[in-house]
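Trainee: Quick one: sequence plus predicted model below, questions after.
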Amino acid sequence: MLTRRIQGQKGVQGIIIVNSEGIPVKTTLDNSSTVQYAGLIHQLVMKARSTVRDIDPQNDLTFLRVRSKKNEIMIAPDKDYFLIVIQNPSD
Amino acid sequence: MEIVHVYTKDREEFGRQCLLSDRPAELLLDVLPDQNLASNFIQRSHRDQAVQAGRQVSEHQVNTERFESDSCGINHVEGGWPKDINPLDMEQTIRFRKKAEKDESYLNSIPQLGSVAEHCGRQNNAVDIYQEPFDGWEEVEESPEPPSAKTINIFRDPNEVKRTVTGLSWHPDGGRKLAAAYSCLDFQKASRDMSLDSYIWDVENPNRPELTLKPASPLVCLDYNPKDPHTLVGGSYNGQIVYWDTRRGSQPVELSSVEHSHRDPVYKIIWLQSKTGTDAFSASTDGQVLWWDVRRLSEPTERLVLDPTREGNLDRALGAISLEFEATMPTKFMVGTEQGLVVSCNRKAKTPTEKIVCTYDGHHGPVYALQRNPFFPKNFLTVGDWTARIWSEDIKESSIMCTKYQMSYLTDACWSPVRPSVFFTLKMDGMLDVWDILFKQSDPTLSLKVCDRALYSLRVQDNGRLVACGSQQGETTLLEICSELSTLQKNEKSLLAAMFERETKREKILEARQREIRLKERSRSEQSREEEIGREDGEDDPDQLIARAERDFYNQVEAELKRREMREEEALREKDVCEEKEVKDEEEAGRNEAS
């Protein structure tokens, strides 16, 4: 229901929900890409979060955007899960 | 010599008690230094001995061992599943997933995350924040840096006796070589041991010339054949024309015969456009312009005497100092003379009288350089006395543009082959001026001091960036001009064409006006002369005319003297008046103080 709303937006290629262990709980992409995204992005989020907290321990990561030539990966992290949205930016 | 001290004691006193007494020291022997012995010895000479109290250090090289690295990718495999669930079993994974979805924290956090992600996704769709904002705009020119030029190399005359660099020519193919002609142009100042050689330099190597050219007499000018880069033709101080082939070495391949050559130094020689590519023509101050075919230098193929009265009279001929030939106009050429006239000639004319088309009277001194604008062949640049002038072929009375009088004599000039509005001039105080007439007409855009002595010859390479100038001391300096002055700007051609037209029109109007005024004066003077003739008759006697002239002269002189005396008297009177006034002022001042 939620994922459908996000997926309905223009340019969204896929959505993945990953839990704290790295297991993709919900996904709209195929299995292999999901597994790849889940594994790699998990590491990236951990690193980004630790960076933010190292600089200011009272700070925390709220959102992470990775913009590339072909698309944009938006990551919303949480305590136990994180939501990954892959979108093609408007142009 | 033995120093002996004798101590005696009587035998009978032996064994007696010693009674010691004190007495002062007694000098037994004093041996003074003997100076004569010193001659057996030599004084040791001073010697410098170096002593250093420095740390001992040593040099040691270290080379790390090679570390081989390899890059590879990681293939992620699904993992992280709890131990009890077999990841390969579809049922179990689906069940796990479904359970996870029903987890409370899941249900709480996902909507929040969802809204944040949605917000950003919408942002992306709304505005492309990474788009290039100035994409469609025209490239704005950055504010130009002040024009500059850099010296790249200096080629010095390797001989002891330095000679002036009187001629330069770039290699036609790429301009990697520069040929320089050395000679001493000062009248009879060439010393006996002055070398006669001229050199071809490679631009990269300023230490040694690439090839030495050995003529019989020093070369005043030379030119590379634009069609065949191995051949050169040069004009020498004794009037002969010399032809070289660089493949054959330093000796000239052919020399023109002395009887048929010029009788004065050949100041300029240029290759012509012809089918055979072997024609050249030369000019000299003896008043002749000679055409040569380099295959047969024994005789010139054609001869033209620069007589302004068009009679071919050598005595009245003007000495030629510079020549001009533009390959796009093969039938016309121009000669700059010592007298300041520029003569325009037509090569194809049948009779010698028709050869000289017209003359332009411009300079007070010899026209040292003459060149057509490579983009606008109707306009040409001349340099002589203290100015540089630009002319249009149509206007024969005066130049259309003229620089103001410079501080020192201008010796050479040429247009930039790349930019139609830029030209370079050389001065006797060693300055190179770069003029950009679209930018500023009153002053040069860039003035560089190349050397302390006078500069004599200038040549721009075909790409417009490298300029070679030769000085009186035999140094050829190679300069690189900054890119603004050597790249064609937008609209430059049209702007310059408009400027030339404007100036030409101005001159035409001025000419027309002058003509009108002259006509009016002439008609007026004719009228008055008629009246005079009516009044006095028979005044044609030369003696009477002379007497009248004398009388007028003396009257004028007397009048002038009287005027001067009057002026002096007045001055004296004024002084007296001033003094009186001063005295009066002082008295008044004194009176005021007293009261």
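Mentor: Yep, it's here.

Trainee: got the contact list for the residue in the stretch 251-400 of chain B that chain A sits nearest to?
Mentor: For the stretch 251-400 of chain B and chain A, the shortest gap (C-beta to the nearest C-beta) falls at B:Phe375, measuring 45.7 Å. Heads up, the C-betas are built off the backbone N, CA and C, glycines and all. With contacts defined as C-beta atoms under 8 Å, 6 or more residues apart in numbering or on different chains, B:Phe375 is in contact with B:420, B:493, B:496.

Trainee: Beyond the strand or helix carrying B:Val220, next helix or strand please.
Mentor: Using DSSP states H and E, B:Val220 sits within strand B:219-224. The element immediately downstream of strand B:219-224 (helix or strand, assigned by DSSP H and E) is strand B:231-236.

Trainee: Neighbouring strands - and their directions - for that following strand?
Mentor: strand B:219-224 (antiparallel), strand B:241-245 (antiparallel) (DSSP bridges).

Trainee: Pick the most deeply packed of the ones you listed.
Mentor: Sort the strands paired with strand B:231-236 by mean neighbour count, taking mean count of other C-beta atoms under 10 Å in any protein chain shown, and strand B:219-224 sits at the top with a mean of 26.

Trainee: average pLDDT across that one?
Mentor: The predicted model assigns strand B:219-224 a mean pLDDT of 88.

Trainee: That strand: how far from the chain's middle?
Mentor: Distance, stretch centre to chain centre, for strand B:219-224: 19 Å (C-alpha atoms, centre = their mean, to the nearest Å).

Trainee: what's the answer for stretch B:491-505, then?
Mentor: 26 Å.

Trainee: buried sites along that stretch?
Mentor: B:492, B:496, B:499-500, B:503-504 (16 or more other C-beta atoms under 10 Å in any protein chain shown).

Trainee: Now A:Ser33, what are its backbone angles?
Mentor: Phi and psi for A:Ser33, reported as degrees, to the nearest 10, are phi -60, psi -40.

Trainee: Excluding residues flanking it in the chain, which one is nearest it?
Mentor: A:Gly14 (7.6 Å; C-beta to C-beta, 6 or more residues apart in numbering or on different chains).

Trainee: Surely that neighbour is within a strand?
Mentor: Yes. Counting by DSSP: H, G, I helix; E, B strand; the rest coil, A:Gly14 is part of a strand.

Trainee: hang on, the earlier thing: quick one: the contacts of B:Phe375 as a markdown table, columns for secondary structure, pLDDT and distance to A:Asp80 too.
Mentor: Listed next are those as a markdown table, based on DSSP: H, G, I helix; E, B strand; the rest coil; pLDDT from 0 to 100; distance: C-beta to C-beta, whole Å:
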| residue | secondary structure | pLDDT | distance to A:Asp80 |
| --- | --- | --- | --- |
| B:Pro420 | coil | 85 | 76 |
| B:Lys493 | helix | 86 | 73 |
| B:Leu496 | helix | 86 | 76 |
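
Trainee: from those, which is closest to chain A?
Mentor: Out of these, the member with the shortest distance to chain A (by C-beta to the nearest C-beta) is B:Lys493, at 41.1 Å.

Trainee: I'd say that closest one and B:Leu438 touch.
Mentor: No. Applying C-beta atoms under 8 Å as the test, B:Lys493 and B:Leu438 come out as separate, 10.4 Å apart.

Trainee: Tell me, how many residues neighbour B:Leu128?
Mentor: Careful, residue B:128 is Asp and not Leu. By other C-beta atoms under 10 Å in any protein chain shown, the residues close to B:Asp128 number 11.

Trainee: related to what we said a few turns ago, give me the pLDDT value at the residue of the stretch 251-400 of chain B closest to chain A.
Mentor: 85.

Trainee: And for B:Pro111?
Mentor: The model reports B:Pro111 with a pLDDT of 85.

Trainee: again with B:Lys449
Mentor: Value listed for B:Lys449 in the pLDDT field: 87.

Trainee: who's in contact with it?
Mentor: B:430-431.

Trainee: ok, what's across the strand from it?
Mentor: B:Met431.

Trainee: so how far is chain A from the residue lying closest to B:Val422 once chain neighbours are set aside?
Mentor: Nearest non-adjacent residue to B:Val422, counting by C-beta to C-beta, 6+ apart: B:Ser416, 4.0 Å away. Using C-beta to the nearest C-beta, to the nearest Å, B:Ser416 is found at 45 Å from chain A.

Trainee: Was I right to think B:Ser416 contacts B:Leu485?
Mentor: Yes. Assessed by C-beta under 8 Å, B:Ser416 is found in contact with B:Leu485 at 7.3 Å.
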